[in-house]
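Colleague: predicted structure and sequence below. I'll ask about it afterward.
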Amino acid sequence: MLKRSINTKLLVILLPLMTVACASTQSLKPAPVRAEVTADSTMSHQQAVMLMQQEKWQQAVTQLEAFTAQHDSLSGPWLNLGIAYTKTGNSESAEAAFKKSIEINRANIEAYNQLGILYRRTGRLKEAGFIYETALKSDPGNANIHWNLGILHDKYLPDPRKALLHYQHYQQLTDSDDPQLQAWINNLITDTQESSLTAKVSP
């Protein structure tokens, strides 16, 4: 049987360059901005994003903590702060930052995605599933969410049928020709077919 493993190259962290995260679906409206963002503030956030891109995580945390203290009604910077906290090993603060990002803008799907990844990595698997499913209701065509649900049901909360469904959605949405992903899908198809046959012959 093919051993499936996580391809970390596909887990892409998104770094919003906008200070306000844009809605991922037209059916949801971003929360109104309640703070005026000056040119200096915009530059400050851009500098924080640059620090993240350079993987200077602790410096990015310091910069983003200062920014969010002054502009606490912007979803994007809270998302970035959560990512920076995650990279410095501060899971508790990361969780709070991701939740704050979602509270401000429930259309910020990447905040749900990052919170789900955090839950999965810290063993809170059912919570991860709930967060991913919540995001998927808002944005059914989000490839990253389908990918992470596939991983969750393949590796952590084993359910071959669900894993197969989400991997196939991911493959279709991204037009992926990754041979490893196709091998996982083929193996899961075999698993589900064998499971169905076993169920039919069981007394």
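Modeller: Nice, I can see it. What you see is a predicted model; the values in this text were computed from it and never measured. Numbers count the residues shown, from 1 in each chain.

Colleague: how about His166, nearest residue that isn't a chain neighbour?
Modeller: Gly150 (3.7 Å; C-beta to C-beta, 6 or more residues apart in numbering). C-beta coordinates here come from the backbone N, C-alpha and C atoms, glycine included.

Colleague: check which element follows whichever strand or helix holds the one you found along the chain.
Modeller: Using DSSP states H and E, the element containing Gly150 is helix 143-151. Downstream of helix 143-151, the next assigned helix or strand under DSSP H and E is helix 160-174.

Colleague: who does that next one touch, helix- and strand-wise?
Modeller: The helices and strands touching helix 160-174, judged by 3 or more C-beta pairs under 8 Å, 6 or more residues apart in numbering; DSSP states H and E, are helix 143-151, helix 179-201.

Colleague: recalculate using a threshold of 10 Å.
Modeller: helix 125-138, helix 143-151, helix 179-201 (3 or more C-beta pairs under 10 Å, 6 or more residues apart in numbering; DSSP states H and E).

Colleague: helix 160-174 and the shortest one, what's the angle between them?
Modeller: With axes from the mean of the first three to the mean of the last three C-alpha atoms, to 10 degrees applied, the angle from helix 143-151 to helix 160-174 works out at 160 degrees.

Colleague: helix 143-151 - contacts with which helices or strands?
Modeller: helix 109-121, helix 125-138, helix 160-174, helix 179-201.

Colleague: so which of the helices and strands packed on helix 160-174 gets nearest Leu115?
Modeller: Closest to Leu115 of the helices and strands packed on helix 160-174, according to C-beta to C-beta: helix 125-138, at 5.3 Å.

Colleague: report the angle between the helix holding Gly150 and helix 109-121.
Modeller: 20 degrees.

Colleague: about what we covered before: okay, the helices and strands packed on helix 160-174, which one's buried deepest?
Modeller: helix 143-151 (a mean of 25; mean count of other C-beta atoms under 10 Å).

Colleague: could you check the angle helix 125-138 makes with that helix?
Modeller: Using the same axes, to 10 degrees: helix 143-151 against helix 125-138 is 150 degrees.
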